[in-house]
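A.B. asks: got a sequence here, can you build the structure:
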Amino acid sequence: MLRIHFTEVDLARTRLASAPDPLFEIAASLHRFQSRKGRWAYADWHRTARQQLREAGLGRVLRSVLLPLYPRAAYYPDFLTPVEAVDGPDAGLESILATPPQRVMTEMAILDRTVGAPAWAGQLAGPETRKEFVGMLRAYYEAVVVPHKEQVQARIEAERAARCRGLLDGGVEGMLAGLGPMLRWHPPVLEVSYPRQAEDRDLYLNGRGLTLVPSYFNWGEPVAFADPKLPPVVWYSLLHEPEARSLGDDPEQSLTNLLGRARAVALHAASAGATTGEIARAAGVSASSASRHATVLRDAGLVTTVRNGPSVLHTLTPTGASVLRTAMRKAEEDATGTVV
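C.D. replies: Sure, this is the predicted structure:
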């Protein structure tokens, strides 16, 4: 277990990342190749990722370079997921290039002691080898993460909407209390579940605050830097629902399911984030009916659902937002035409 100790200053400096961390998503997606746990949550991604890697000529890179450096184990090098990556992939990759050679060697030695490092790992201390490696990371990211970027962003935004509700209801402590089963808030300590093989440790923030980064591809235990001197960051898993059926699978049936006033109201309510109870009140239906309407919208790929304490919060997917914008634009055009 990791115990993160907060002061009042740390609570004031705690924030939730506004977007996925692209370099951590690279690491977490590589872990998905190394485990069958949670495979159902990434079924669509698994169906296409290996094919996309083959088409991009990255099969050998995956097996010989990336998987050995990102083992699904108690440790992989901190410099591979720099905090600067929250500002985008370019910033993160530049940070990897700028890592001091001595730090690279030190962390590779820890990797070797922990699970074993590839024989060539020390070469990453050299600028030319690291530049080549960064090119591989960029190619991997473009091949298997970017094609799912909209879906990942939609899930992150849904998670942020749920945590913001906790923030409004109970401040930062309310947000921390709703982070899920792997993170437990016992003031002034946030207890973070860690892999069984990892040693228990304490992290004292000492006024630095904490950055919380929800991750789409991480499954199971949250992740933090091994080096306590680095900026405090915790990447944690989203709570996945079974993947929704795509509109493209059966568009006629999906659109037929959407007909009706109650579902239109539910879709509109979800644009700002709405619980099942709020949808019920907006549509003037029972809670059970609202739940059924939300399920149809989710099955059609138009909303995504995340748990927010005892309730669930529904928000739009990129497809749902597009459908709603189109419907509203059509309504405005019809209204204009009527007036004219």
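A.B. asks: in the chain, which spans are strands?
C.D. replies: 2-5, 15-16, 183-186, 189-192, 201-204, 211-215, 223-224, 233-237, 274-275, 303-308, 311-316 (DSSP state E).
A.B. asks: which one, of those, ends up nearest to residue 116?
C.D. replies: Residue 116 sits nearest to strand 223-224 of all these, at 19.8 Å, using C-beta to C-beta. Heads up, the C-betas are built off the backbone N, CA and C, glycines and all.
A.B. asks: show me what the closest one is packed up against.
C.D. replies: Where contact means 3 or more C-beta pairs under 8 Å, 6 or more residues apart in numbering; DSSP states H and E, strand 223-224 is packed against strand 233-237.
A.B. asks: picking that back up, make TSV from the strands of the chain and add mean pLDDT, distance to residue 133 and mean neighbour count to it.
C.D. replies: Listed next are those as TSV, based on pLDDT from 0 to 100; distance: least, C-beta to C-beta, whole Å; neighbours: other C-beta atoms under 10 Å:
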stretch	mean pLDDT	distance to residue 133	mean neighbour count
strand 2-5	95	29	18
strand 15-16	92	30	16
strand 183-186	92	32	16
strand 189-192	94	29	19
strand 201-204	94	29	14
strand 211-215	94	22	24
strand 223-224	92	21	22
strand 233-237	93	21	22
strand 274-275	85	45	23
strand 303-308	80	34	22
strand 311-316	82	37	22
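A.B. asks: and of these, who's closest to residue 131?
C.D. replies: Each of the strands of the chain has some distance to residue 131 by C-beta to C-beta; the shortest is strand 233-237, at 25.2 Å.
A.B. asks: could you dump the strands of the chain to TSV with distance to residue 122?
C.D. replies: Shown next, in TSV, are those (distance: least, C-beta to C-beta, whole Å):
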stretch	distance to residue 122
strand 2-5	29
strand 15-16	36
strand 183-186	36
strand 189-192	31
strand 201-204	27
strand 211-215	29
strand 223-224	24
strand 233-237	26
strand 274-275	53
strand 303-308	43
strand 311-316	46
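A.B. asks: excluding residues flanking it in the chain, which one is nearest residue 291?
C.D. replies: Once flanking residues are discounted, residue 291 sits nearest to residue 276: 5.1 Å by C-beta to C-beta, 6 or more residues apart in numbering.
A.B. asks: so how far is residue 301 from that neighbour?
C.D. replies: With the distance defined as C-beta to C-beta, to the nearest Å, residue 276 ends up 19 Å from residue 301.
A.B. asks: same check on residue 233?
C.D. replies: Taking C-beta to C-beta, one finds residue 233 at 31 Å from residue 301.
A.B. asks: same question, residue 183
C.D. replies: 29 Å.
A.B. asks: and for residue 71?
C.D. replies: Distance of residue 71 to residue 301, given as C-beta to C-beta: 34 Å.
A.B. asks: who's more crowded, the two?
C.D. replies: Between residue 71 and residue 301, counted using other C-beta atoms under 10 Å, the more crowded position is residue 301 (22 against 17).
A.B. asks: mind pulling up the pLDDT for the more buried one?
C.D. replies: What the model reports for residue 301 is a pLDDT of 83.
A.B. asks: next: residue 327.
C.D. replies: Residue 327 carries a pLDDT score of 68 in this model.
A.B. asks: do the same with residue 81
C.D. replies: On the pLDDT scale, residue 81 gets 95.
A.B. asks: you'd agree it is up against residue 30?
C.D. replies: No. When contacts are counted by C-beta atoms under 8 Å, residue 81 is not listed as touching residue 30 (11.2 Å).
A.B. asks: these two: which is more packed in?
C.D. replies: Neighbour count, other C-beta under 10 Å: between residue 81 and residue 30, residue 81 has more, with 26 against 20.
A.B. asks: how near is residue 47 to residue 147?
C.D. replies: Residue 47 is 12 Å from residue 147, by C-beta to C-beta.
A.B. asks: between those two, which is the more surrounded one?
C.D. replies: Counting neighbours by other C-beta under 10 Å for residue 47 and for residue 147 shows that residue 147 has the greater number, 13 against 9.
A.B. asks: could I get the pLDDT score of that one?
C.D. replies: Value for residue 147, per-residue pLDDT: 91.
A.B. asks: what sits against it?
C.D. replies: 48, 52 (C-beta atoms under 8 Å, 6 or more residues apart in numbering).
A.B. asks: what's the closest non-adjacent residue to residue 323?
C.D. replies: Per C-beta to C-beta, 6+ apart, closest to residue 323 is residue 302, 6.0 Å.
A.B. asks: would you agree that neighbour is in contact with residue 318?
C.D. replies: No. Applying C-beta under 8 Å as the test, residue 302 and residue 318 come out as separate, 9.7 Å apart.
A.B. asks: so for those two, which sits in the more crowded spot?
C.D. replies: Using other C-beta under 10 Å as the criterion, residue 302 and residue 318 rank with residue 302 on top: 28 against 16.
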